[in-house]
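Asker: Provide a 3D model corresponding to the input given below.
(2 chains)
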Amino acid sequence: AQKITQTQPGMFVQEKEAVTLDCTYDTSDPSYGLFWYKQPSSGEMIFLIYQGSYDQQNATEGRYSLNFQKARKSANLVISASQLGDSAMYFCAMREGGGSNYKLTFGKGTLLTVNP
Amino acid sequence: KAGVTQTPRYLIKTRGQQVTLSCSPISGHRSVSWYQQTPGQGLQFLFEYFSETQRNKGNFPGRFSGRQFSNSRSEMNVSTLELGDSALYLCASSLSFPSSYNSPLHFGNGTRLTVT
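Answerer: Presented below is the predicted three-dimensional model:
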């Protein structure tokens, strides 16, 4: 079973508008971390935001916020005031706390295109 | 502070050859992980090193190996290259001691390997 599901292969948004990128996850581990990364065409994976399973409040980092709904196992990324430079692939990822393997498990990604 | 540095950026090899990729983590980071990214399989975990010891390994054949040096720099080696090894290889480092589920990974620009 997929541990991270991103159901939107591609999304379009107008510059200056907000956009939500969906992510659902599957784990039975009570301790886990959820991450969002941005990958421009250059290839570098840029860390954007983190949400821990025990965090009571949704994470925010500048124009990025994470809509964390634990009961629904969703961790959607919200980008406010989109900019042309936000056009990139966005990956949702999870690290589980159980055991000793803290590898990042990634979703398939969402390609975001910001139109002028 | 310099980010994760990967060299070379691009490599072209022929089937049967071997290749070595290099990664220098962020200063002070002691955990280094490697990931393979392909269009078909997405991002997959290769292995993680901490204090010169391999801590975790993904589901890859023994042709894929790595090591970490005392200065935390890491190398990844792929022997007897196959066409399917063509991919973007991403290295990531983590500050946490040791790497844990709530610690973000910081990635480099990657090495794009093409096997012909």
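Asker: now for A:Lys3: which residues touch it?
Answerer: A:25-27, A:94, A:105 (Cβ atoms under 8 Å, 6 or more residues apart in numbering or on different chains). C-betas here are computed from N, CA, C, even on glycine.
Asker: ok, B:Ser65 - contacts?
Answerer: B:76-79.
Asker: what about the worst-scoring helix or strand of chain B on mean pLDDT, distance to the chain center?
Answerer: Every helix and strand in chain B was compared by mean pLDDT, DSSP states H and E; the lowest is strand B:53-57, with a mean of 89. Going by Cα atoms, centre = their mean, to the nearest Å, the spacing between the C-alpha centre of strand B:53-57 and its chain's C-alpha centre is 12 Å.
Asker: same for that strand, what does it pack against?
Answerer: The contact analysis (3 or more Cβ pairs under 8 Å, 6 or more residues apart in numbering or on different chains; DSSP states H and E) places strand B:53-57 against strand B:42-50, strand B:64-68.
Asker: 6 Å instead?
Answerer: Applying 3 or more Cβ pairs under 6 Å, 6 or more residues apart in numbering or on different chains; DSSP states H and E, one finds that strand B:53-57 makes contact with strand B:42-50.
Asker: is the residue sitting nearest the centre point of chain B part of a helix or strand, or is it coil?
Answerer: A centroid search over chain B (Cα atoms, centre = their mean) returns B:Trp34, at 2.9 Å, as the residue closest to the centre. Look at B:Trp34: counting by DSSP: H, G, I helix; E, B strand; the rest coil, its state is strand.
Asker: find me the pLDDT at it, would you?
Answerer: B:Trp34 carries a pLDDT value of 97.
Asker: now do the same contact list for the closest residue to it other than its chain neighbours.
Answerer: Spatially, and ignoring its direct neighbours in sequence, B:Trp34 is nearest to B:Leu46 (4.0 Å; Cβ to Cβ, 6 or more residues apart in numbering or on different chains). Counting by Cβ atoms under 6 Å, 6 or more residues apart in numbering or on different chains, B:Leu46 makes contact with B:34, B:36, B:58, B:60.
Asker: can we see that at 10 Å?
Answerer: A:103, B:33-36, B:56-60, B:64-66, B:76, B:78, B:89-91 (Cβ atoms under 10 Å, 6 or more residues apart in numbering or on different chains).
Asker: can I get the buried part of those residues as one PyMOL selection?
Answerer: The buried residues among the contacts of B:Leu46 can be selected in PyMOL (16 or more other Cβ atoms under 10 Å in any protein chain shown) with this line:
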select buried, (chain A and resi 103) or (chain B and resi 33+34+35+36+56+57+58+60+64+65+66+76+78+89+90+91)
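Asker: quick one: the helices in chain A?
Answerer: With DSSP state H as the criterion, chain A has no helices.
Asker: all strands of it, in order?
Answerer: Along chain A, the segments classed as strands by DSSP state E run A:4-5, A:10-14, A:19-21, A:24-25, A:32-39, A:46-52, A:60-61, A:64-69, A:74-79, A:88-96, A:105-106, A:110-115.
Asker: thanks a lot, see you next time.
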